[in-house]
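**Q** output the structure for:
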Amino acid sequence: MSHLAQLMHQLSATSNLPLYQQLQRALRDAIDRGVYGPAEALPAERQLATELDISRITVSKALTGVDITLDAALES
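**A** Residues are numbered from 1 along each chain as shown. The predicted structure is shown next:
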């Protein structure tokens, strides 16, 4: 199963969490599990939006949140 397919299975329209937060958590989990390593870029915003069939605005908001949490983790 591709990385993006794994992410898609973690997103739920019926969740109490907003979709961008679900995507943030799924991406952070993928990073923590080593799916995306330090030298490997995350998928592009447009690619994520297209393949996950969600808005680019949602993806952008999720990626911004992932960047903030990664920066905080690096500083500690």
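**Q** skipping adjacent residues, who's closest to the one residue sitting closest to the centre of the chain in space?
**A** In the chain, the centroid-proximal residue (Cα atoms, centre = their mean) is Leu27; its distance is 3.1 Å. Leaving out its chain neighbours, the residue that sits closest to Leu27 by Cβ to Cβ, 6 or more residues apart in numbering is Val66, at 5.0 Å. Yep, even glycine has a C-beta here, placed from its N, CA and C like the rest.
**Q** wait, the one you found sits on Arg28?
**A** Yes. Between Val66 and Arg28 a contact is recorded at 6.0 Å, counting by Cβ atoms under 8 Å.
**Q** so for the two, which residue has more residues nearby?
**A** Using other Cβ atoms under 10 Å as the criterion, Val66 and Arg28 rank with Val66 on top: 19 against 16.
**Q** so how far is Ala44 from the more buried one?
**A** Val66 is 14 Å from Ala44, where distance means Cβ to Cβ, to the nearest Å.
**Q** follow-up on the earlier one: so which helix or strand takes in the residue nearest to the centre of the chain?
**A** Using DSSP states H and E, Leu27 sits in helix 19-32.
**Q** please pull out the lowest mean pLDDT helix or strand from this protein.
**A** Least confident helix or strand, the chain: helix 56-75 with a mean of 75, by mean pLDDT, DSSP states H and E.
**Q** quick revisit: packing partners for the helix holding Leu27?
**A** helix 3-10, helix 56-75 (3 or more Cβ pairs under 8 Å, 6 or more residues apart in numbering; DSSP states H and E).
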